[in-house]
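In: okay, here's the prediction I keep looking at, along with the sequence it came from:
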Amino acid sequence: MLLLDANVCIDVLRGRPDVAARLEAHGPAGLFLCSVVKAELAFGARLTSEPLRAADAVDAFCDPFVSLPFDDACIDAYARLRADLRAAGSSIGANDLAIAAIAVTHGLGLVSDDRAAFARVPGLAVASWRDA
């Protein structure tokens, strides 16, 4: 059971073959998106030269996946992770922190190419689907 980070979704949307092949091999069962990642994707679509087409592509990509919200169930994990990382002097970005809290709350591993940031989160298994 894995949560996909935005960079994985972007790789697939841009046709990166190694990442797309791993997604296809896995299939949508046991893979999740979250509201924070979907917001990042929607923002990115608005920045393109063809925002309506890009938004449609994002929606089509997201449709097969269950999307987990950042909700009250995530608050304790978020607060604990943020305090622990801050105390260790190894804070991560706000969106990454919310994504990590969602993953931890739901007992999910994370697929992300930003392993440097997410590796700081205790107990969070992080994998990359990029070949190189």
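Out: Looks like it arrived, so ask away.
In: which parts of stretch 111-123 are buried?
Out: 111, 112, 113, 114, 117, 118, 120, 121 (16 or more other Cβ atoms under 10 Å). Quick note: C-beta positions are derived from backbone N, CA and C, even for glycine.
In: contacts only, for the closest residue to the last one other than its chain neighbours.
Out: Translated: residue 121. By the measure of Cβ to Cβ, 6 or more residues apart in numbering, the closest residue to residue 121 outside its immediate chain neighbours is residue 100, 4.6 Å from it. Residue 100 sits next to 77, 81, 92, 110, 118, 121, 124 when contact means Cβ atoms under 8 Å, 6 or more residues apart in numbering.
In: which of the residues you listed lies closest to residue 60?
Out: residue 110 (22.9 Å; Cβ to Cβ).
In: name the SS class of that closest one, please.
Out: At residue 110, secondary structure determined by DSSP: H, G, I helix; E, B strand; the rest coil is strand.
In: with only the CA atoms kept, save the least confident helix or strand in the chain by mean pLDDT in CSV.
Out: In the chain, the helix or strand scored least confidently by mean pLDDT, DSSP states H and E is helix 115-118, which has a mean of 92. The C-alpha trace of helix 115-118 is given here as CSV (Å, rounded to 0.1, in the frame of the first residue of the first chain):
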residue,chain,number,x,y,z
ARG,A,115,13.9,10.8,-0.9
ALA,A,116,16.3,13.3,0.7
ALA,A,117,13.4,15.2,2.4
PHE,A,118,11.1,12.2,3.2
